[in-house]
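Visitor: The following comprises the amino acid sequence and a computationally predicted model.
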Amino acid sequence: MHWLLERFDTAPAHIAFIHEGRQVTYAEVLASISAFSARIQTLAIHKGDVVVVIGDYSPEIFCLILALAQNSNIVVPLSKNSVIEEEVALVVSGCDWYVKFSADGKDAAFSQRIIETENELLTNFRKTGAPGLVLFSSGSTGKPKGILHNFYLVVEKFRKKRQAVVAIPFLMIDHFGGINTILAITSSLGTVVTVSDRSLPKICEAIESYQVELLPATPSFLTLLMASKLQRDYDLSSLKRITYGTEVMPQSTLDRLTKAFPNVALQQTYGLSEVGVLRSQSRGDGTLWVRIGGEGFQTKIINDVLWIKSEYAMVGYLNAPSEFDVDGWFNTHDQVEVDGDYFRILGRVTDLINVGGQKVYPTEVENVILEMNNIQDVAVFGEKHALLGQIVVAKLLLETPEDIESVKKRVRHTCLGKLATFKVPSKIILAEGELHSSRQKKIRRE
């Protein structure tokens, strides 16, 4: 991993981070990594020790992670909004050292905390001498899974230098996409703009203040941005590219983005914690067709489901059997349509609603409802039904208060005009709060 630090050293005066208005150069990043390395040696943190790091984005937490990787430690980053309870995560990963950062992300408190775990995967991985990175999945099909990566491979993907950009790492540091974004920016000597509050106004304010060029976000966040119309209140003209991933993008949101940002490239991304983030290229015709793959990745389709083979794949799950087949292929559980070299992601198999044997994709229904007046957001999901197996439920977040019976009538009328009868929501409820998680991802359940 020395190549990455050597690259930092070629641009010592460049701004690496702007954290809550505080600027940090690449020279200061290198100095911080060196200081943490000295502290690691003083504390006698041994190679192979599991180090749990608690905090959110800051220059210092990034520098500590790199210093620990240099020391061949196994790093477990956790944030205050992690998908798994801290105590549960520590039982799964084990712990030798516990590091908690202050609220401003500058100061790190180290303490030795021994939580032993008998884990054959970790035992065998330590023998390689490589640094490890443990991240937890969201557990959409069950309990969260501890995913072990060889950190060398995670970083190696960025050895080829790309164009430097000023970007906001939207996904959190304990999410594979968050780690991927921050490495992509710094390995190209760009500038990372971090914000502790990922609310719509704060993100827009940061874009305006620091001339952010790249915004990687979720479709849920972008749907809310379009509904809020905040792009009219802030100068977002510095944006050159908006990328979106982690869930299916509603076509209606993409259409609104295209209209609101005519000079901005809109790029769909695709990746999974188990296999990494693939190179992607949107078709450019305003649709959701995307070409994915790139060096180190292979794709194939089995029964309309996407499978991926990756040179950057995880080492394995800490608390679950491997989901790779004997030839190294991973079932993404994402149902797709294929058009030549392009894919259109329809949604997770686990999100499908089965109405009397007929398949309903939640995003197809959400897309129709989002085009209606007075709808800020919508989440569609299935509910058990004695005769049909499941029925379609739509949970709505309104822009302004409206009588529920009026809303039901409008939704059903609109959906009947554009969807097959079995796809029309049988049950419509009003949301009392946001329909997405702290990670800006749609929550499809009661």
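Guide: Structure received. Quick caveat: nothing in here was measured; it's all calculated off a predicted structure.

Visitor: from here on, contacts and neighbour counts on C-alpha atoms
Guide: Will do.

Visitor: which helix is the longest one in this protein?
Guide: helix 26-42 (DSSP state H).

Visitor: Could you export it as CSV, keeping only the C-alpha atoms?
Guide: Output in CSV follows, covering the C-alpha atoms of helix 26-42 (Å, rounded to 0.1, in the frame of the first residue of the first chain):
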residue,chain,number,x,y,z
TYR,A,26,-2.1,15.8,1.8
ALA,A,27,1.1,16.7,3.6
GLU,A,28,-1.0,16.9,6.8
VAL,A,29,-2.6,13.6,6.0
LEU,A,30,0.8,12.0,5.7
ALA,A,31,1.9,13.6,9.0
SER,A,32,-1.3,12.3,10.7
ILE,A,33,-0.8,8.8,9.4
SER,A,34,2.8,8.9,10.7
ALA,A,35,1.7,10.1,14.1
PHE,A,36,-0.9,7.3,14.4
SER,A,37,1.7,4.8,13.3
ALA,A,38,4.0,6.0,16.1
ARG,A,39,1.1,5.8,18.6
ILE,A,40,0.3,2.2,17.4
GLN,A,41,3.9,1.2,18.1
THR,A,42,3.9,2.9,21.5
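
Visitor: Name the surrounding residues that touch that helix.
Guide: Here helix 26-42 makes contact (C-alpha atoms under 8 Å, 6 or more residues apart in numbering) with 5, 8-9, 11-16, 59-60, 63-64, 66-68, 71.

Visitor: swap in stretch 299-308?
Guide: By C-alpha under 8 Å, 6+ apart, stretch 299-308 touches 275, 293, 297-298, 309, 329-337.

Visitor: Reformat these as CSV; add pLDDT, secondary structure and neighbour count.
Guide: Below are the contacts of stretch 299-308 laid out as CSV (pLDDT from 0 to 100; DSSP: H, G, I helix; E, B strand; the rest coil; neighbours: other C-alpha atoms under 10 Å):
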residue, pLDDT, secondary structure, neighbour count
V275, 94, coil, 22
G293, 92, strand, 19
F297, 95, strand, 18
Q298, 96, strand, 15
K309, 96, strand, 20
W329, 97, coil, 18
F330, 96, strand, 21
N331, 95, strand, 16
T332, 94, strand, 18
H333, 92, strand, 15
D334, 93, strand, 18
Q335, 92, strand, 22
V336, 94, strand, 20
E337, 93, strand, 15
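
Visitor: helix, strand or coil for N180?
Guide: helix (DSSP: H, G, I helix; E, B strand; the rest coil).

Visitor: didn't it look like it was pressed against V277?
Guide: Yes - taking contacts as C-alpha atoms under 8 Å, N180 lies within contact range of V277: 7.5 Å.

Visitor: Contacts only, for the residue lying farthest from the centre of the chain.
Guide: Largest separation from the mean C-alpha position in the chain: L387, at 37.3 Å (C-alpha atoms, centre = their mean). L387 sits next to G356 when contact means C-alpha under 8 Å, 6+ apart.

Visitor: Just say helix, strand or coil for it.
Guide: Classified using three-state DSSP, L387 is coil.

Visitor: Against V355, how distant is it?
Guide: Using C-alpha to C-alpha, to the nearest Å, L387 is found at 9 Å from V355.

Visitor: same question, L435
Guide: 23 Å.

Visitor: Y312 now?
Guide: 38 Å.

Visitor: List the contacts of G357.
Guide: L388.

Visitor: And it, how far from E366?
Guide: Taking C-alpha to C-alpha as the measure, G357 falls 20 Å from E366.

Visitor: ok, now L66?
Guide: Taken as C-alpha to C-alpha, the span from L66 to E366 is 41 Å.

Visitor: ok, R444 touching A379?
Guide: Yes - using C-alpha under 8 Å, R444 is in contact with A379, at 5.5 Å.

Visitor: list residues touching both of these two?
Guide: L435.
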